[in-house]
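**Student:** When you get a sec, could you give me coordinates for this:
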Amino acid sequence: MQIGFCGKPAAAAQAAAARFDYLELPVNLIAGQTEAEFEETKAAVLSAGIPTPAFNLLFPKDMALLSGDMTDEKIGLYLERAFERVQALGGRVAVFGSGKSRNRPEGLIYSDAFLRLAAISRLAGEIAGKHGVTVVIEPLNRGESNMINSLAEGAALVAAAGHPCVRLLADYYHIAVDGEPVEDIRRLGGIAHAHIATKEGRRVPLQPDEGYRRMFAAMKQTGYTGMLSIEGKSDDLGADGPVAVRMLKQLWEEA
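**Tutor:** Residues are numbered from 1 along each chain as shown. As a prediction, the model looks like this:
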């Protein structure tokens, strides 16, 4: 199991020193960079010697995907640039969380919002596929978004999108906050990427937890061979990183 850390380009050297296997960068950040800024990002990652196979935050929070004036053309132009840069940095997975951008506006009924998200996810999969990238749908807890709040809803969105480059992600933090059964990972046929953080405070996990064990067991039962990214806070990543990586890899072996 490869264990990564979700952070910005400035965290590349620190993540490498903390013995993470990779760094998960935000798509919306690199997509909005000037060419000079993007070259600085590439240089920082190259200098740190840490790979960036996974990316998160697919859309910027001010890009209201379900608003009436957000056309496929506008979304497509953004995604073409975004996935071109993800590919340039060696990305293979891009997380579609982006809770604010996918929120359902007042007055839009759920079924219409869902179908629109399915069309957007399909478009994202089509463009991502051209760049060798898989989009993974991230279910978010109800406090962060009003759309796609469970593994089951995420799996339904993946099915509705109907594209091989659109798959499902499981995030332990969101699962735990909303009290979902992690065993749904197995019931729903597996996932393509995973995130983890503590339920309390959304921090880097440093102690074994029965919830982690159950999640890893469910993942193993589906033959999971992907990555696991820590998306949590730390006051001292240099000290916490090696502890978290060692602990999570041990739990994975034991699951």
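
**Student:** Report all helices and strands that the longest helix that the chain contains contacts.
**Tutor:** Counting by DSSP state H, the longest helix found in the chain is helix 110-130. Applying 3 or more CB pairs under 8 Å, 6 or more residues apart in numbering; DSSP states H and E, we find helix 110-130 packed against helix 72-88, strand 93-96, strand 134-137, helix 151-161, strand 166-171. (Each C-beta comes from the backbone N, C-alpha and C, glycine too.)

**Student:** Just the C-alphas of the first one, formatted as CSV.
**Tutor:** This points to helix 72-88. Output of helix 72-88 as CSV, limited to C-alpha atoms (Å, rounded to 0.1, in the frame of the first residue of the first chain):
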residue,chain,number,x,y,z
ASP,A,72,-20.5,22.1,-21.0
GLU,A,73,-18.2,24.3,-23.1
LYS,A,74,-17.1,26.3,-20.1
ILE,A,75,-16.5,23.2,-18.0
GLY,A,76,-14.8,21.4,-20.8
LEU,A,77,-12.3,24.3,-21.4
TYR,A,78,-11.4,24.3,-17.7
LEU,A,79,-11.0,20.5,-17.6
GLU,A,80,-8.8,20.3,-20.8
ARG,A,81,-6.3,22.7,-19.2
ALA,A,82,-6.6,21.0,-15.8
PHE,A,83,-6.0,17.4,-17.0
GLU,A,84,-3.2,18.5,-19.4
ARG,A,85,-1.3,19.8,-16.3
VAL,A,86,-2.3,16.8,-14.2
GLN,A,87,-0.8,14.5,-16.9
ALA,A,88,2.3,16.7,-17.1
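
**Student:** Please spell out which residues along that helix are buried.
**Tutor:** For helix 72-88, the neighbour count (16 or more other CB atoms under 10 Å) marks 75, 78-79, 82-83, 85-86 as buried.

**Student:** Report all helices and strands that that helix contacts.
**Tutor:** helix 27-31, strand 93-96, helix 110-130.

**Student:** Could you pull up phi and psi at Tyr22?
**Tutor:** The phi/psi pair for Tyr22 (degrees, to the nearest 10) reads phi -160, psi 170.

**Student:** Hmm, it is touching Cys6, no?
**Tutor:** No - if you go by CB atoms under 8 Å, Tyr22 and Cys6 don't touch, sitting 10.2 Å apart.

**Student:** Now do the shared contacts for those two.
**Tutor:** Counting by CB atoms under 8 Å, 6 or more residues apart in numbering, the common neighbours of Tyr22 and Cys6 are Ser229.

**Student:** Enumerate every residue touching the residue nearest to the spatial centre of the chain.
**Tutor:** Most central in the chain under CA atoms, centre = their mean is Val95, positioned 3.3 Å from the mean C-alpha point. When contacts are counted by CB under 8 Å, 6+ apart, Val95 touches 24, 54-58, 135-136, 138, 169, 193, 195.

**Student:** out of those, who's nearest Ala16?
**Tutor:** Glu24 (13.3 Å; CB to CB).

**Student:** Pretty sure that closest one sits in a helix.
**Tutor:** No - going by DSSP: H, G, I helix; E, B strand; the rest coil, the assignment for Glu24 is strand, not a helix.

**Student:** pLDDT value on it, please?
**Tutor:** Here, the pLDDT recorded for Glu24 equals 98.
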